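Visitor: after the sequence you'll find the predicted model.
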Amino acid sequence: MSEGVQTPPAFTKRVFSGIQPSGGLTLGNYLGALKRFAEVQEQDYETVFCMVDLHAITVWQDPDKLAHATRELCAGFIASGVDPKKSVLFNQSQVAEHAQLAWIFNTVARMGWMQRMTQWKDKAGKNTQNASLGLFAYPALMAADILLYHATHVPVGDDQKQHVELTRDIAAKFNHDYKVDFFPITEPVIEGAATRVMSLRDGSKKMSKSDPSDMSRINMTDDADAIASKIRKARTDPEGLPSEAEGLKDRPEARNLVNIYAALANQSVDQVLADVGGKQFSEFKPMLSELAVAKLSPISTEMARLMRDPAEIDAILRDGADQARAIAAPVLERTYEIVGMVR
Ligand code: TYM
């Protein structure tokens, strides 16, 4: 993470982040989250990462598929470079403290705060009366995830910024109401060229596992042919590539492909454009395909290998849950005391 990010004083520098096991992983999840998790793990932070299965069921999940998706997500973390020996890696439902602290935060958060969340509006759609209560309360559970570990920094994609800001509001209101300085005011960390990877078919929409068109996204399980074909068919405009970032203004599809290239190559957009400026997309797309296949194939191969031993994945998650509980339990206990509950 860059130097500009402030650590609240008196709290250990600790990163927390989570991903929902609600279907396959996309290139958006990789570039916006997993790749950055593997990087921050090597820096001066304690790192805690969670498969948020309690969040996933706020919209219907087929029980037969949820367990598979949770294991596959765990395989995705490890294959992307998150090392269970260096980071705590676990699934949310194994650490009951998440649901327990979320209840306290349900009493701190205000209805109006939840109603303003764009993810709530998007996911609930027009028929809010039929959305689950859990979907509405989702951000309070997310605040519990983060604050249970007194996390100071939360690396996420751009779409989660509003939820991390709400976490700050919940922490501040709790601290204020109970006259304590107990929860940190967490920083969202949204950095790099690919904090918002867009659909390959429509540069105004986020790349998402829930998009009905599989051509709109690159899945982390796609093989080389699928990746190449999706990039070849990705929407672009008739212009060639500019030599400077300014030239990508009002060209969302072109900007998206350059951002993806930059993130995969660990370069800045300016560096990429210095090299490819003046080329046509017919020349740039094969370069992007080659890079994407080189970076993503080893990950999908490793995911497939790990998935052949689900018992090993379960053992990693159980061990991670023990480590997570060791941090979370005292924080929950102290929260109950602050609230005035008899212990
Ligand atoms: P989720 O499961 O939708 O996505 C997981 C992570 O991937 C990022 N991401 C993207 N980044 C860039 N471009 C995209 N197209 C893209 N799509 C997804 C997300 O921003 C996220 O970082 N509410 C969270 C999960 C969560 C969580 C937490 C995150 C629950 N508790 C506590 C951080 C801390 C979510 O639904 O992410």
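Guide: Great, that's in hand.

Visitor: and the protein, which of its residues are near the ligand?
Guide: 16-20, 28-29, 32-33, 52, 55, 142, 145-146, 154, 156-157, 159-160, 163, 195-197, 206-207 (CB under 6 Å from any ligand atom). Glycine gets a C-beta too; all of them are placed from N, C-alpha and C.

Visitor: can you tell me how far the closest residue to the ligand within the stretch 1-150 of the chain is from Ala193?
Guide: Closest to the ligand within the stretch 1-150 of the chain is Gly32: 2.0 Å, counting by CB to the nearest ligand atom. Look at Gly32 and Ala193: by CB to CB, to the nearest Å, they are 10 Å apart.

Visitor: comparing the two, which residue is more hemmed in?
Guide: Set side by side, Gly32 and Ala193 show more neighbours around Gly32, with 26 against 22, by other CB atoms under 10 Å.

Visitor: so how far is Ile260 from that one?
Guide: The gap separating Gly32 from Ile260 is 11 Å, by CB to CB.

Visitor: so what sits against both of those two?
Guide: Common contact partners of Gly32 and Ile260 (CB atoms under 8 Å, 6 or more residues apart in numbering): 194, 197.

Visitor: flag the shaky bits of the chain, pLDDT-wise.
Guide: 1-9 (pLDDT under 70).

Visitor: how about the helices in the stretch 201-343 of the chain?
Guide: Assigned by DSSP state H, counting those that start in this stretch, the stretch 201-343 of the chain shows helices spanning 224-232, 252-265, 269-276, 281-307, 310-339.

Visitor: repeat that for the stretch 1-150 of the chain.
Guide: Along the stretch 1-150 of the chain, the segments classed as helices by DSSP H, counting those that start in this stretch run 27-29, 35-40, 53-56, 63-79, 97-108, 111-115, 118-124, 133-147.

Visitor: chain center to the longest one: distance?
Guide: Okay, so that is helix 63-79. Centre-to-centre, helix 63-79 and its host chain are 15 Å apart (CA atoms, centre = their mean, to the nearest Å).

Visitor: redo the helices of the stretch 1-150 of the chain as CSV? Include mean neighbour count.
Guide: Output for the helices of the stretch 1-150 of the chain, formatted as CSV (neighbours: other CB atoms under 10 Å):
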stretch, mean neighbour count
helix 27-29, 24
helix 35-40, 20
helix 53-56, 22
helix 63-79, 20
helix 97-108, 18
helix 111-115, 12
helix 118-124, 15
helix 133-147, 23
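
Visitor: for the ligand, give me its nearest residue in the stretch 201-343 of the chain.
Guide: Residue nearest to the ligand within the stretch 201-343 of the chain: Met207 (3.9 Å; CB to the nearest ligand atom).

Visitor: so what's the residue count around that residue?
Guide: For Met207, using other CB under 10 Å, the count is 25.

Visitor: show me what contacts it?
Guide: When contacts are counted by CB under 8 Å, 6+ apart, Met207 touches 26-28, 197-200, 216-218.

Visitor: before we move on, what about Phe182?
Guide: Residues counted as contacts of Phe182 (CB under 8 Å, 6+ apart) are 174-175, 334-335, 338.

Visitor: next one: Thr47
Guide: Counting by CB under 8 Å, 6+ apart, Thr47 touches 14-15, 37, 40-41, 82, 86-88.

Visitor: just give the nearest non-adjacent residue to it, would you?
Guide: Leaving aside its chain neighbours, Thr47 sits nearest to Ser87 (4.1 Å; criterion: CB to CB, 6 or more residues apart in numbering).

Visitor: how about Gly320?
Guide: Residue nearest to Gly320 in three dimensions, not counting chain neighbours: Phe90, with 3.4 Å by CB to CB, 6+ apart.

Visitor: before we move on, what about Thr221?
Guide: Spatially, and ignoring its direct neighbours in sequence, Thr221 is nearest to Ser300 (5.3 Å; CB to CB, 6+ apart).

Visitor: per-domain residue ranges of this protein.
Guide: Using automatic domain parsing, the domain parsing of the chain gives 14-195+309-339, 214-305.

Visitor: the shortest one: end-to-end distance?
Guide: End-to-end span of domain 214-305 (CA to CA, to the nearest Å): 24 Å.

Visitor: contacts only, for the closest residue to the ligand within the stretch 151-300 of the chain.
Guide: Residue nearest to the ligand within the stretch 151-300 of the chain (CB to the nearest ligand atom): Gly157, separated by 2.4 Å. By CB under 8 Å, 6+ apart, the contact set of Gly157 is 28-29, 32-33, 190, 195-197.
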